[in-house]
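# Build me a model from this:
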Amino acid sequence: MLKLSLPLNKNAVLVPAIIFLIALVFYFLPASVENILIYDRSDISNGEFWRLLTGHLLHTNFNHLLLNLAGLTMLWALHGDHYTPKSYLLAFISSLVICSLGIYYFDPEMERYVGLSGVLHGIFVWGAILDIKKGWNSGYLLLLGVIAKVAYEQIFGASADVEALINASVAIDAHLWGTVGGLTFPATQWLIKRVRST
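Got it, this is the predicted structure:
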């Protein structure tokens with residue numbers, strides 16, 4: 001469905017704007033504070049579980065931050081009509097937690113991780129599913145597109161140009177697990193509705 005206006009109502013803007021601002025503030029934190037917040041496998045193994053959450057809000061450099069903030073903004077422009085503060089926050093947290101746990105348990109070689117891109121893949125998937133639920137055929141194309149992108153990365157690896165831009169390896173497994181998180185949230189909602197209706 002072709003959109004001609006931005007979703008500027010408070011429900012659509014509130015949580016994405018808060019995440020945008022937090023990521024911006026985190027970028028300017030001193031290195032000593034960043035080191036307490038970054039996703040670090042050994043520190044998480046030693047009980048510093050907050051790193052599973054806070055690491056997503058840090059970035060390797062300004063280009064990395066801009067790419068992720070642009071993605072966050074693009075997804076709001078694309079799917080913001082579906083957003084409510086509660087549903088967006090639940091989708092965001094679902095994608096974030098599953099992304100972190102997926103990396104932790106299934107990618108043991110990844111010692112450190114920062115960035116929103118994994119979570120954004122989940123938000124993209126969730127938004128595409130909401131499009132489909134609204135009867136918008138574009139949702140199918142968006143869903144197939146993100147799944148094809150993640151599959152391509154798993155087979156062929158990430159773009160060398162993007163890695164050069166962000167001055168780090170692209171965490172393709174974060175994209176995979178974020179996508180799984182984006183699928184898990186609506187699947188869980190559907191299952192809860194089915195159980196309640198029986």
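# who touches stretch 174-181?
Applying Cβ atoms under 8 Å, 6 or more residues apart in numbering, the external contacts of stretch 174-181 come out as 94-103, 106, 113, 115, 117-122, 124-125, 146-147, 149-150, 153-154. Glycine gets a C-beta too; all of them are placed from N, C-alpha and C.
# ignore the last one, stretch 136-150
With contacts defined as Cβ under 8 Å, 6+ apart, stretch 136-150 is touched by 1, 78, 121, 124-125, 127-133, 172, 175-176, 179.
# So among those, which ones count as buried?
Among the contacts of stretch 136-150, those classed as buried by 16 or more other Cβ atoms under 10 Å are 78, 121, 124-125, 127-132, 172, 175-176, 179.
# which of the residues you listed lies closest to Leu8?
Using Cβ to Cβ, Leu78 comes nearest to Leu8 of these, at 14.0 Å.
# Helices of this structure, start to end?
Defined through DSSP state H, the helices belonging to the chain, from first to last, are 10-27, 31-37, 41-45, 51-54, 62-79, 85-106, 117-133, 138-156, 160-166, 172-197.
# Would you mark the buried spots in the first one?
For helix 10-27, the neighbour count (16+ other Cβ under 10 Å) marks Asn11, Ala12, Val13, Val15, Pro16, Ile19, Phe20, Ala23, Phe26, Tyr27 as buried.
# Check stretch 36-47 too.
For stretch 36-47, a neighbour-count test (16+ other Cβ under 10 Å) marks Leu37, Ile38, Tyr39, Asp40, Arg41, Asp43, Ile44 as buried.
# Just flag the most distant two among those residues.
Using Cβ to Cβ, the buried residues of stretch 36-47 span at most 14.3 Å, a distance reached by Leu37 and Arg41.
# So Phe92 versus Leu57, what's the distance?
11 Å (Cβ to Cβ, to the nearest Å).
# what touches both of these two?
With Cβ under 8 Å, 6+ apart as the test, Phe92 and Leu57 both reach Ile19.
# Tell me which helix or strand in the protein has the weakest average pLDDT.
helix 160-166 (a mean of 83; mean pLDDT, DSSP states H and E).
# I'd like to know which elements it is packed against.
Helices and strands touching helix 160-166, by 3 or more Cβ pairs under 8 Å, 6 or more residues apart in numbering; DSSP states H and E, are helix 62-79.
# tell me how far the helix it packs on is from the chain's mean position?
Remark: helix 62-79 is offset 10 Å from the chain centroid, using Cα atoms, centre = their mean, to the nearest Å.
# No further queries at this time; thank you.
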